[in-house]
Structures are given as C-alpha cells and as structure tokens.
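> After the sequence you'll find the predicted model.
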Amino acid sequence: MTKEQIYAQQLKTLGIYDPAFEPEIKTLAQLERDETRARKAWSATAPPGGKPSLLDPHFAVIVGLRREILAHREALGLTPKALRKLRGQGPAGPSDQELITASLDRIAARVGSYDSAPALPTPEAAYAAAVAQEWADLVSDMDTQAKEAGAEERIATPVTSVTGSQ
C-alpha cells in the first residue's frame, strides 16, 4: 500500500475524506519521501562512529520539511487539533478570540481608571492658570473699585503681554 493510499484510508476511517483532498495527500506523501531522503543524506555526513552535525545544511532541510509536513497533516485533519477543528468541536477551553477579548477588557478597565484620574498639570499649564487667576483677581478688584466710586461701566485696562505687565 502506498503512502497516498494509507492517508486516504485514514481520512475515510475518520469520516472526513473528500476526493478534493487527493492533491494534498500526494503533496504530503512526496514531502515525507523527500524528508526520508534528506535524513539518509544527513546521516551519510556523519564521521565514522559519530553522529551527524546539527549545523549541516541537510539538517536545516530536514527541519523545513518537517514543518511543511506538519502543515499539510493539519490541513488534512490528520492531527488531533486539526481533526477537532474540521469536525467543528473546537478546543475544550475558551477560544483564542475569547481570551483576547477578556485581556482587552482588563486593559480597558485599567486605562479607564487612568482617564478618570485628574491630569497632572504641566509647568506651562500651571503658569497659564496662575496668570488667568491673577487677571481674574485684578478684574474683580477693578469692578469693586468701580462700584465703590459709583461708576456704571467697567474700567478696561488694555493687556499688552501674558505676564501681566502693561
């Protein structure tokens, strides 16, 4: 029995076989044959009585092929995680989206508490507030003086700078 036939039989046994999977099955079988050849070539690079080097370029090829094989197995539903996904069962715990949403909610709650806290004034804002208060006091004093003198209109003093000098 060929690898392609074995995989098709496994998919039929799992109840997820579809003829549209045939190209993916052939690709998976070819990748596994390539990985076997790469492992044999890597083993041949070993010194007599030793082990082959992990730094050998053949090993990098083997690692890449194993990743591709895993990706194709998952696409076909030949891993437990992929099988649950294909059957629509999903994982037993909360989904990734639920975990992300919960994390974002916790962050938003913390940020919200910062938003409700009074902002610390910058030196420029503190200075501007002090100048504004001085002008308000000055205008109030002028209004008081005008009322005491019996004047009906407010006395206006032209402002020439922000520092309060005229």
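Ah, there it is. Numbering: from 1, shown residues only.
> got any ranges where this structure has weak pLDDT?
Within the chain, the ranges that satisfy pLDDT under 70 run 89-95, 112-122, 146, 149-166.
> Would you mind splitting it into its domains for me?
Using automatic domain parsing, the domains assigned to the chain come out as 3-87, 120-166.
> Just put those domains in CSV and tack on distance to residue 101 and mean neighbour count.
Every C-beta, even on glycine, is put in place using the N, C-alpha and C of the backbone. Below are these laid out as CSV (distance: least, C-beta to C-beta, whole Å; neighbours: other C-beta atoms under 10 Å):
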stretch, distance to residue 101, mean neighbour count
domain 3-87, 20, 14
domain 120-166, 32, 10
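> Out of the ones you listed, flag the one nearest residue 102.
Taking C-beta to C-beta, domain 3-87 is the member of the domains of the chain nearest to residue 102, at 21.4 Å.
> show me where this structure has helices.
Counting by DSSP state H, the chain has helices at residues 3-14, 22-44, 57-76, 80-87, 96-116, 123-149.
> Generate TSV for these, with distance to residue 51 as supplementary columns.
Below are these laid out as TSV (distance: least, C-beta to C-beta, whole Å):
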stretch	distance to residue 51
helix 3-14	28
helix 22-44	9
helix 57-76	11
helix 80-87	32
helix 96-116	39
helix 123-149	67
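> can you put the domains of the chain in a markdown table and add distance to residue 111?
Converted to a markdown table, those look like this (distance: least, C-beta to C-beta, whole Å):
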| stretch | distance to residue 111 |
| --- | --- |
| domain 3-87 | 34 |
| domain 120-166 | 17 |
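> Just give me the residue closest to the centre of this protein.
In the chain, the centroid-proximal residue (C-alpha atoms, centre = their mean) is residue 100; its distance is 9.0 Å.
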